[in-house]
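[1] Can you look at this prediction? I've put the sequence above it.
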Amino acid sequence: MEFNHFSIEDFFWIQIKPHLISFGSRKIPKDVHFTLSFNKNSGYINLHLTRNIQSRKLLIEKPKIEIVRVEKDIFSKNNDELVNQFLIMFLNIFLTKIDINKFKKLNYGFLSNKKNDLKEEKLLNKVKEISEIRKKKIKVKGNIKERIEDLVESMEMQNFLEENLIPLDLVREDTINSGMLINEEGNIISVIKIYETWFELNIESDISVKDLLKPILGELNADYLINCYERAISIIGDLNSYEESVKWSKPLVIKLKEEYKNDPTN
């Protein structure tokens, strides 16, 4: 996927790099986040908590506590495939894939937040208050349902829609975009489009830390990871360097056909 940052304001964020996925939510302290590392020089995927620290020593390493290591051979995929696989699993928590052809048949149109209409800049900014794409970042702002209802009910917005709603057959497939699907009956769906694939935003329900950890080891092991997380989160807030955190890293280790071992070098 050709973007590297997805965020839902005051709710969740995820950052993607070739060798790691980092993510955080309002359920954990603001200065702490999860990192899922796919280091090419390691045979393991490793999930750890990292604490961001303010220090005058620019080279100081951040404290981190490992939670789990999973042998890459279990997945039978290369590094790039693994990053994409886990990214999709995380995004599925918040995005639901939709069949855009069904919406074409129901005469929905697309209101893009990329529409550059200087005469209607004020209204366009209101659309961007719901979701926005900047370069390789997708940002969604909170209270989507209320924002959409307030926005579309205004008379000036009705006129704006008549002029700016794009027929779905005319929406380009080679772009990443976000906005709203709207039909004549006033039904509205907030969406993100990643090339030819469309997703409905699904953030009305609250997301727990357990929900965020399920994609890593599945439902059965999520409770174990929560116990490890709770232990780590109770410790990491008092740590100010990597050296201080080393002794607290006692991750669960999962190998191909040899689960729950304590030492990945055995």
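    Thanks, I have the structure now.
[2] is Ile194 in a bridge, and if so with what?
    Per DSSP bridges, the residues bridged to Ile194 are Ile176, Thr197.
[3] any idea how far Pro63 is from Thr50?
    7 Å (Cβ to Cβ, to the nearest Å). In this view, the C-beta of every residue, glycine as well, is placed from N, C-alpha and C.
[4] got it, and Phe199?
    As judged by Cβ to Cβ, Phe199 and Pro63 stand 35 Å apart.
[5] Comparing these two, which residue is more hemmed in?
    Set side by side, Phe199 and Pro63 show more neighbours around Pro63, with 26 against 18, by other Cβ atoms under 10 Å.
[6] Identify the residues contacting the more buried one.
    50-51, 53, 236, 239-242, 244-245 (Cβ atoms under 8 Å, 6 or more residues apart in numbering).
[7] Try it again at 10 Å.
    32, 48-53, 235-246, 248-249 (Cβ atoms under 10 Å, 6 or more residues apart in numbering).
[8] Ok, Arg172 next?
    112, 166, 193, 195-196.
[9] Looking at the residues you listed, which is nearest Asp99?
    Glu196 (11.6 Å; Cβ to Cβ).
[10] ok, and the closest non-adjacent residue to that closest one?
    Nearest non-adjacent residue to Glu196, counting by Cβ to Cβ, 6 or more residues apart in numbering: Glu173, 4.3 Å away.
[11] in a helix, that's where Ser178 is, yeah?
    No: counting by DSSP: H, G, I helix; E, B strand; the rest coil, Ser178 falls outside a helix, being strand.
[12] next one: phi and psi at Gly43?
    Phi and psi for Gly43, reported as degrees, to the nearest 10, are phi -90, psi 10.
[13] what sits against it?
    Gly43 sits next to 69-73, 255, 264 when contact means Cβ under 10 Å, 6+ apart.
[14] which one in the contacts of Arg172 is the model shakiest on?
    Minimum pLDDT for the contacts of Arg172 is recorded at Ser112 (79).
[15] hang on, that one packs against Asn164?
    Yes: under the criterion of Cβ atoms under 10 Å, Ser112 makes contact with Asn164 at 8.2 Å.
[16] residues near Asp174, how many?
    6.
[17] Shouldn't it be within a strand?
    No: applying three-state DSSP, one finds Asp174 to be coil, outside a strand.
[18] Leaving out sequence neighbours, find the closest residue to it.
    Tyr195 (6.5 Å).
[19] rewinding a little: which of the contacts of Gly43 lies closest to Ile216?
    For these, the closest approach to Ile216 (Cβ to Cβ) belongs to Val70, at 7.7 Å.
[20] show me what contacts that closest one?
    Counting by Cβ under 10 Å, 6+ apart, Val70 touches 36, 43-47, 82, 216-217, 251-256, 259, 264.
[21] Give me the distance between it and Phe90.
    Taking Cβ to Cβ as the measure, Val70 falls 15 Å from Phe90.
[22] do His48 as well
    His48 is 16 Å from Phe90, by Cβ to Cβ.
[23] again, but for Gly109
    From Gly109 to Phe90 the distance is 30 Å (Cβ to Cβ).
[24] Now do the helices in this structure.
    Assigned helices in the chain, in chain order: 79-91, 100-105, 121-128, 144-152, 155-164, 209-217, 219-236, 242-245 (criterion: DSSP state H).
[25] For the stretch 1-150 of the chain, which segments are assigned as strands?
    Under the criterion DSSP state E, counting those that start in this stretch, the stretch 1-150 of the chain contains strands at 5-8, 12-17, 20-25, 32-37, 44-51, 64-71, 95-98, 109-112, 131-134, 137-140.
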